[in-house]
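Novice: what shape does this take:
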Amino acid sequence: MAHYKAANLKREQFRRYLEKSGKPNSALDFLKHHLGTATPENPEIELLCLELAKTKEKYKAIVEKNKKLKAKLAQYKPPQEEKYAE
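Specialist: Below is the predicted model:
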């Protein structure tokens, strides 16, 4: 009988814990929200895609400019010979 009372006491404590901390209504919604599987709103996705496209364009332009500047630098600056420490 003592074992039965101990089990009931633990259940009662757990029930109070759930009432105190709040139990989610839907377990799936809780998991989606807290694990990050909820998708952002469509306008937010569109803005992020647009920003990504602009950033890629800037990146390509900078890489191209860098290539041109390296080629220009190579014309004016001869390759340096390696110096050995004596």
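Novice: mind giving me the domain split of the chain?
Specialist: The record, using automatic domain parsing to delimit domains, assigns the chain the ranges 1-38, 41-76.
Novice: report how many residues lie close to L69.
Specialist: Number of residues near L69 (other Cβ atoms under 10 Å) recorded here: 10. For glycine as for every other residue, the C-beta is placed from the backbone atoms N, C-alpha and C.
Novice: start the count at 15, not 1, going forward
Specialist: Noted, 15 is the first residue going forward, which turns the last one into L83.
Novice: could you check how far it is from G50?
Specialist: 42 Å (Cβ to Cβ, to the nearest Å).
Novice: one more: K24?
Specialist: K24 sits 33 Å away from G50 when distances are taken as Cβ to Cβ.
Novice: again with K82
Specialist: Noted for K82: a distance of 42 Å to G50, by Cβ to Cβ.
Novice: neighbours of F28, how many?
Specialist: The local packing of F28 (other Cβ under 10 Å) involves 10 other residues.
Novice: where exactly do the helices run in the chain?
Specialist: Listed in chain order, the helices of the chain (DSSP state H) span 16-35, 41-49, 56-90.
Novice: cool, thanks, signing off.
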